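Student: What shape does this take:
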Amino acid sequence: MGMDILFIVTWFGGGYIALQLVMDLEAGSFSAKEVDMLSDTYNELIKHLKNETKPTPAKPWIECEFKDDLNFSHFLDFFSNIYNPKMLDEHMSCYFFRGQADSEWGLVPTLYRLLKGFDIKDALNLEYDSIIHFKRKTRGLLDLRLIPEEHEIAEWLGLMQHYGAPTRMLDWTVSCVVAFYFAVTSEPFEKDGCLWFFNSPVMNSFMENEYSFPSEKELEFIVKDKDNFVKFGVENATNNVRTYLVERQSERVISQQSVFSFSYNLFCDHAKAIGEIFLKNSEANNSEQAIPLVKILLSPVRKKEIRQYLNKMNVTAATLFPGVEGIGRSIYEMINMQKK
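Tutor: Numbers count the residues shown, from 1 in each chain. Sure, this is the predicted structure:
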């Protein structure tokens, strides 16, 4: 199977449909008509964008902007229906999206930002202690349905992330609408924001071909003891990135359609790692059609337009943050909407 066609398929998205089309390709049953259809989908997206830059080793992602005459509501209708239409199984969602209020921010987890400059052993010791501390202090406070098994480190990290603890997890969503919300409703309003997205199944496949990953039994051994945890983090962790959907989902996770990326390397820049794995596979197959990590810049004027549109569509803090917190956040948003 040619890599050119693989990337056209994955760019089309659509969860199971896209994965099934990849399997059809491998079986040699992919028609020229279907290839044309998928290529047309990519061309339709390009019509809405300008100033597209090619991935480079320094910035291994596509960076672009919306055209000035873009009708955002029409674009969103097209974009949200093609990329990740509603699926009963969220694991089948192809595209992960992340909105950021400042386009200069990297794809770096909170714990990385806090511990940047630390010796790796000291940083890993602090991370392990924070996990144990969270487990110990929250067992009597959490809904029993949300409490993971002791060895389920990714579930614990997802839970910590949910409650504001710094972790190596990076938040994404399978909803481009939710990602746009986070890009346009947070400070700084006067700076360009951005929307990042990439194809999760393809990225995971590339990572698995490039790196070796510990088995479930090996992970249990690693996380049950601090010495094992630190040793693995120092000696064996690589610049890989994996995606993860938590199994025990809170109301907020469900509302925001949250998913995560994480790396076994605590100090991993996710933009570089994800971008580089796509770029490497693109170059290896001489593929001009390869669509890697994508970053769409959002000007302050565009952010305001999107903010107003989402508010009309009732995509607000009150709907994305269930409970009292959402009401409080929505009051902030309503007052901020009065600014000229």
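Student: show me where the protein has strands.
Tutor: With DSSP state E as the criterion, the chain has strands at 49-53, 62-66, 95-100, 170-173, 193-199, 242-244, 258-262, 294-298.
Student: Next, find the distance separating the residue nearest to residue 198 when sequence neighbours are not counted from residue 185.
Tutor: Excluding its sequence neighbours, the residue lying closest to residue 198 (CB to CB, 6 or more residues apart in numbering) is residue 293, at 4.6 Å. (Each C-beta comes from the backbone N, C-alpha and C, glycine too.) For residue 293, the distance to residue 185 (CB to CB, to the nearest Å) stands at 23 Å.
Student: again with residue 221
Tutor: 43 Å.
Student: So which of those two has more stuff around it?
Tutor: When neighbours are counted by other CB atoms under 10 Å, residue 221 and residue 185 differ, and residue 185 comes out ahead with 25 against 14.
Student: how about that one, phi and psi?
Tutor: Residue 185 adopts backbone torsions of phi -110, psi 0, taken as degrees, to the nearest 10.
Student: Show the contacting residues for it.
Tutor: Neighbouring residues of residue 185 by CB atoms under 8 Å, 6 or more residues apart in numbering: 101, 307, 310, 317, 333.
Student: if we go to 7 Å?
Tutor: Residue 185 is in contact with 307, 333, counting by CB atoms under 7 Å, 6 or more residues apart in numbering.
Student: Just tell me which of the strands of the chain ends up closest to residue 231.
Tutor: strand 258-262 (18.8 Å; CB to CB).
Student: what angle separates the closest one from strand 95-100?
Tutor: 90 degrees (axes from the mean of the first three to the mean of the last three CA atoms, to 10 degrees).
Student: Quick one: mean pLDDT over strand 258-262.
Tutor: What strand 258-262 shows for mean pLDDT is 92.
Student: swap in stretch 50-63?
Tutor: 91.
Student: Same check on stretch 182-191?
Tutor: Rounded mean pLDDT across stretch 182-191 is 93.
Student: Span of that stretch from start to end?
Tutor: Stretch 182-191 has an end-to-end distance of 14 Å (CA to CA, to the nearest Å).
Student: cool, and stretch 98-116?
Tutor: Per CA to CA, stretch 98-116 runs 22 Å from first to last residue.
Student: from what I can see residue 273 touches residue 265, true?
Tutor: No. Using CB atoms under 7 Å, residue 273 is not in contact with residue 265; the gap is 8.2 Å.
Student: where do the contact lists of those two overlap?
Tutor: Shared contacts of residue 273 and residue 265, defined by CB under 7 Å, 6+ apart, are found at residue 239.
Student: how close does residue 177 get to residue 103?
Tutor: Where residue 103 is concerned, residue 177 sits at a distance of 19 Å (CB to CB).
Student: burial of the spatially closest residue to residue 246 that is not a sequence neighbour, as a residue count?
Tutor: Nearest non-adjacent residue to residue 246, counting by CB to CB, 6+ apart: residue 158, 4.0 Å away. Residues lying near residue 158 (other CB under 10 Å) number 27.
Student: For residue 158, which residues are in contact?
Tutor: 169, 244, 246, 260.
Student: Look up how far residue 195 lies from the third one.
Tutor: Distance, residue 246 to residue 195, by CB to CB: 23 Å.
Student: likewise residue 332?
Tutor: From residue 332 over to residue 195 the distance is 22 Å, taken as CB to CB.
Student: Neighbour count for those two, which is higher?
Tutor: residue 195 (23 against 11).
Student: That concludes my questions; thank you for your assistance.
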